[in-house]
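Peer 1: Show me how the following folds:
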Amino acid sequence: MIFCSVSSYEPHLAIHGGEDGLDYYRTISSRAKMYLKDTGRIYLEIGFDQGASVPNILRTDGWKDVAIIKDLAGRDRVAAAANFN
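Peer 2: Numbers count the residues shown, from 1 in each chain. Model prediction:
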């Protein structure tokens, strides 16, 4: 049986998000409001084990109506938030 690593197929930046894997979420969360209308929303695909940490990042940066959307298997898959001022 041949095992292939995700790193063989994904760009380096896509799989190396810092020590805890959340650096890109922090960057996006802190900067995205500059690109959205006041009523804009953000949707971030997350790992199945990031259903608490990514929403915490969003809330810390002042996002509103932060929610988790589950995939068809019932796993946390998307973090959503609003840019209401």
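
Peer 1: Look up the residues forming beta bridges with residue 68.
Peer 2: According to DSSP bridges, the residues that bridge with residue 68 are residue 79.

Peer 1: For it, give me its contacts.
Peer 2: Shown in contact with residue 68 (Cβ atoms under 8 Å, 6 or more residues apart in numbering): 46, 51, 55, 76, 78, 79, 80. In this view, the C-beta of every residue, glycine as well, is placed from N, C-alpha and C.

Peer 1: Who wins on neighbours among these?
Peer 2: The residue in the contacts of residue 68 with the most neighbours, by other Cβ atoms under 10 Å, is residue 79 (26 neighbours).

Peer 1: I'd say it and residue 61 touch.
Peer 2: No. At 12.0 Å, residue 79 does not count as touching residue 61 under the criterion of Cβ atoms under 8 Å.

Peer 1: Please work out how many residues are found near residue 63.
Peer 2: As a burial measure, residue 63 scores 21 neighbours (other Cβ under 10 Å).

Peer 1: quick one: contacts for it?
Peer 2: Contacts here follow Cβ under 8 Å, 6+ apart; on that basis residue 63 touches 29, 42, 81, 82, 83.

Peer 1: Any chance of those residues in CSV with distance to residue 23 as columns?
Peer 2: CSV is the format used below for the contacts of residue 63 (distance: Cβ to Cβ, whole Å):
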residue, distance to residue 23
29, 11
42, 17
81, 18
82, 23
83, 21
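
Peer 1: The residues you listed in helices, which ones?
Peer 2: Using DSSP state H, the members of the contacts of residue 63 that fall within helices are residue 29.
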